[in-house]
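In: Requesting a structural model of the entry that follows:
(2 chains)
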Amino acid sequence: MNKKEIFKGSLRILRRNKMRTFFMVLGIIIGIASLSLTFTIGKGFQKQISERAKKYLGSNGLIIRAEKMKLDGKPVNSDLISTLTIEDLKAVASEVPSVSMFDPVQFLSNREVISGNRNVSTTIKGSSVNGQFVWNRGVIKGEYFNEGEELNASRVALIGSGIAVTLFGTSDPIGAQIRIGDVPFVVKGVLEPKGVDPHGNDLDLDVVVPITTMMKRMMNVDYIIMAKIILNDENRMDEAVSGITAVLNERHHLTENGKSDFSIITPTFVKEKIKEMTKVFSVFLPSISLIALLAAGIVIIVLMFMSVNERISEIGLRKAVGARSKDVLFQFMTEVSITSLIGGIIGMTFGLACFKVFGLFMNFPFYVPWQILVFGVLLPVLVGIAAGIIPARKAARYNPVEALR
Amino acid sequence: MIQLKNVSRTYSNNGQKPVHALKSVNLVISKGEFVAIVGPSGSGKSSMMNILGMLDRPSEGEYYFENKEVNSLSEDELASIRNKKIGFVFQKFHLLPKTTALENVELPLLYSERRNIRELAMEALKQVGLTDRVAHHANELSGGQQQRVAIARALVNEPDIIFADEPTGNLDFASGQEIINIFQTLNKAGKTIILITHDQTVAACAKRTIRIHDGNVSED
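Out: Residues are numbered from 1 along each chain as shown, chains lettered A, B, ... in the order given. Predicted coordinates:
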């Protein structure tokens, strides 16, 4: 058998039956395009959140988050309080050996920041001197506040680059006076631009003040809302988590099985959470496009049966001039494989093009996951072969005498 | 070259009375003969051709082709013999539609080990005088031209024997005559020709006539 010539013949047959070929290809195109699009979006979404989370947490960082609670006798809408203190963190740092550094954090959201006649509403963060190392975020202009300023609860502030532009335009903000609510501050530095955090907040709109300043001068509280801890060895994460839990349980007089007043967020936990959150995009939507592919397979079966029925006398002739059953099978399988492959490649290209356009609107980085090549090449051929085998076997089994009649 | 020993062919449609298309036929055809098999429609001549051409197998009896018993050969071996040793010409031409004359003639070569298929197909078309029509699609040719393409297709693998089933049945007299002339020329060149027809004038062109009636064979 001359496979090359039979292959060329298959191409000719597909070209000469444009309608039939078109509809066979179309089903595959729709199926593979939607699969590629939903899959890349799902993956892209997951990747984007993961990257933000990685920037936020790092591979050797973990977050202790205090459970907020309402104090008896206070109105429901007042600020909630927690039980986590800086003293807790100091104890953790001294008793858990793998902890190398910590940064206590407190927040005030929706605070007015005013400079002259300009103002902006944003979140104010209280942080320690360690914050610059723990969050890996220094200043691009001016200086970070120092230990003395933290100790004295000085009224110094670091502002995000977005805030700097809003309040000061092109003029130099360093040394300028701003007010946060009623409290006057001196701008000491402009924070390194960081973009968006995993929760979707723009970090370049941050204003950071010493934690002590925030607690004493702005909130008058003795607790913090969360802390980030850096380990000296990322492989000792589990050990650190149990160490921290033990220290905090003891200090907060909690029992092992009782209600906890804090939670610990590790990179593994975040990864799992993200996977769970994005499941609808990475698993559910692509599964729906598989249904489209199934429909494409059914279209192929039907059109192949039509093709075989139309070409019975051709099959008879081929057998009369020496085609074996397997040659006829090969011919029909070649035809369906070529069709599916073309559909797959067009569908994949189309899906990726849609993803690119989607990315432009959603600010997604464009990339091609390797699985897409499997979807675009292997999967359509598998669908084609699975759908084509029954009609092709029917064709191959024709008895030449009956087929020629 | 061909020997039938007590060959019968019975078609049994389930439930219905079996049809005896051939009844214990004995026949010998030697290399280089030009044989006409004649008979009215339903006489069993098509069954005869299908068995001789190895498109079908006898229900009973033995068929020796070049001293090989055909019943002992597999389907694939039969396909290979049809491809190398036998050429078919049909009443309805059986050319592939939307396909050029040249590609139609190339068809048997796709299933052979030959590689220079274009040259061989051109050579076969030259033998039937159609070199000026190679790029035409089958449906753009006249009936006579289509049958000449079909003969070229039967010749292209240089078979020893050509079976023609009512080759002039769909043609006007002049075209039919041309086709018969081609067969006569081929026979002179040494090919064995077996012609199935119900037309006495066509049969008269053969050197030997075998009559078939009700599945029984009688010779002139």
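
In: Point out where the stretch 151-300 of chain A drops to low pLDDT.
Out: Scanning the stretch 151-300 of chain A for pLDDT under 70 picks out A:256-258.

In: SS state for the residue in the stretch 201-350 of chain A that chain B sits nearest to?
Out: Proximity to chain B, evaluated over the stretch 201-350 of chain A using C-beta to the nearest C-beta, is greatest for residue A:322 at 2.4 Å. Backbone N, C-alpha and C define where each C-beta goes, glycine included. Look at residue A:322: counting by DSSP: H, G, I helix; E, B strand; the rest coil, its state is coil.

In: in what helix or strand does the closest residue in space to it that isn't next to it in sequence lie?
Out: Leaving aside its sequence neighbours, residue A:322 sits nearest to residue B:83 (C-beta to C-beta, 6 or more residues apart in numbering or on different chains; 2.4 Å). Using DSSP states H and E, the element containing residue B:83 is helix B:75-85.

In: Quick check: buried residues in that helix?
Out: The neighbour-count check on helix B:75-85 (16 or more other C-beta atoms under 10 Å in any protein chain shown) flags B:78-85 as buried.

In: picking up where we left off before, which residues does the residue nearest to residue A:322 contact?
Out: Listed by C-beta atoms under 8 Å, 6 or more residues apart in numbering or on different chains, the contact set of residue B:83 reads A:321-322, B:108, B:111-112, B:157.

In: So which of those is the closest to residue A:388?
Out: Nearest to residue A:388 among the contacts of residue B:83: residue B:111, at 20.8 Å, using C-beta to C-beta.

In: The closest one: how many residues sit nearby?
Out: The number of residues packed around residue B:111, counting by other C-beta atoms under 10 Å in any protein chain shown, is 25.

In: How about residue A:389?
Out: So residue A:389, with other C-beta under 10 Å, has 16 neighbours.

In: what about it, is that helix, strand or coil?
Out: Going by three-state DSSP: residue A:389 is helix.

In: Could you report the neighbour count for the residue nearest to it when sequence neighbours are not counted?
Out: Leaving aside its sequence neighbours, residue A:389 sits nearest to residue A:333 (C-beta to C-beta, 6+ apart; 7.2 Å). For residue A:333, the neighbour count with other C-beta under 10 Å is 21.

In: Surely residue A:333 is within a strand?
Out: No - Residue A:333 is assigned helix when assessed by three-state DSSP, not a strand.

In: wait, it sits on residue A:385?
Out: Yes - between residue A:333 and residue A:385 there is a contact at 6.6 Å, judged by C-beta atoms under 8 Å.

In: other SSEs contacting the strand or helix carrying residue A:290?
Out: Element membership of residue A:290, judged by DSSP H and E, is helix A:285-310. Judged by 3 or more C-beta pairs under 8 Å, 6 or more residues apart in numbering or on different chains; DSSP states H and E, helix A:285-310 is in contact with helix A:18-57, helix A:325-362, helix A:379-397.

In: And the longest helix that chain B contains, what's buried?
Out: In chain B, taking DSSP state H as the definition, the longest helix is helix B:173-188. Residues B:175-180, B:182-183, B:186-187 are the ones in helix B:173-188 that count as buried (16+ other C-beta under 10 Å).

In: Remind me what it packs against, helices and strands.
Out: Applying 3+ C-beta pairs under 8 Å, 6+ apart, one finds that helix B:173-188 contacts strand B:34-38, helix B:143-155, strand B:161-165, strand B:192-197.

In: In JSON lines: those, plus mean pLDDT and distance to residue B:54.
Out: Below are the helices and strands packed on helix B:173-188 laid out as JSON lines (pLDDT from 0 to 100; distance: least, C-beta to C-beta, whole Å):
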{"stretch": "strand B:34-38", "mean pLDDT": "95", "distance to residue B:54": "16"}
{"stretch": "helix B:143-155", "mean pLDDT": "95", "distance to residue B:54": "14"}
{"stretch": "strand B:161-165", "mean pLDDT": "95", "distance to residue B:54": "10"}
{"stretch": "strand B:192-197", "mean pLDDT": "94", "distance to residue B:54": "13"}
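
In: Let me know which of the ones you listed is the nearest to residue A:340.
Out: Ranking these by proximity to residue A:340 (C-beta to C-beta) places helix B:143-155 first, at 31.4 Å.

In: near chain B, which residues of chain A?
Out: Proximity of chain A to chain B, by C-beta under 8 Å from any C-beta of the partner chain, involves residues A:1-2, A:5-6, A:9, A:12, A:16, A:313-314, A:316-327, A:399-401, A:404.

In: mind running it again at 7 Å?
Out: For chain A, the residues found near chain B under the criterion C-beta under 7 Å from any C-beta of the partner chain are A:1-2, A:5-6, A:9, A:16, A:313-314, A:317-325, A:327, A:400-401, A:404.

In: Could you check the pLDDT of the residue in chain B that chain A sits nearest to?
Out: In chain B, no residue comes nearer to chain A than residue B:83, which is 2.4 Å away by C-beta to the nearest C-beta. pLDDT recorded at residue B:83 is 95.

In: Likewise for residue A:8?
Out: Note for residue A:8: predicted pLDDT of 89.

In: just checking, what packs against the helix or strand hosting it?
Out: Assigned by DSSP H and E, residue A:8 belongs to helix A:3-16. Judged by 3 or more C-beta pairs under 7 Å, 6 or more residues apart in numbering or on different chains; DSSP states H and E, the packing partners of helix A:3-16 are helix A:325-362, helix B:101-110.

In: List the buried residues of the helix or strand just after the first one.
Out: Once helix A:325-362 ends, the next helix or strand along the chain (criterion: DSSP H and E) is helix A:370-373. Along helix A:370-373, the positions that meet the burial threshold by neighbour count (16+ other C-beta under 10 Å) are residue A:372.

In: Now helix A:370-373: average pLDDT?
Out: Helix A:370-373 comes out at a mean pLDDT of 86.

In: cool, stretch A:60-67 as well?
Out: So the average pLDDT for stretch A:60-67 ends up being 89.

In: cool, and stretch A:386-399?
Out: 95.

In: what's in contact with it?
Out: Applying C-beta atoms under 7 Å, 6 or more residues apart in numbering or on different chains, the contact partners of stretch A:386-399 are A:297, A:300-301, A:304-305, A:308, A:312, A:315-316, A:325-326, A:328-329, A:332-333, A:336.

In: Pull out the buried members of these.
Out: Judged by 16+ other C-beta under 10 Å, buried ones among the contacts of stretch A:386-399: A:297, A:300-301, A:304, A:308, A:312, A:315-316, A:325, A:328-329, A:332-333, A:336.

In: Quick one: the residues you listed as JSON lines, columns for distance to residue B:16 too.
Out: Below are the buried ones among the contacts of stretch A:386-399 laid out as JSON lines (distance: C-beta to C-beta, whole Å):
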{"residue": "A:297", "distance to residue B:16": "39"}
{"residue": "A:300", "distance to residue B:16": "38"}
{"residue": "A:301", "distance to residue B:16": "33"}
{"residue": "A:304", "distance to residue B:16": "33"}
{"residue": "A:308", "distance to residue B:16": "27"}
{"residue": "A:312", "distance to residue B:16": "23"}
{"residue": "A:315", "distance to residue B:16": "26"}
{"residue": "A:316", "distance to residue B:16": "24"}
{"residue": "A:325", "distance to residue B:16": "28"}
{"residue": "A:328", "distance to residue B:16": "30"}
{"residue": "A:329", "distance to residue B:16": "32"}
{"residue": "A:332", "distance to residue B:16": "33"}
{"residue": "A:333", "distance to residue B:16": "37"}
{"residue": "A:336", "distance to residue B:16": "38"}
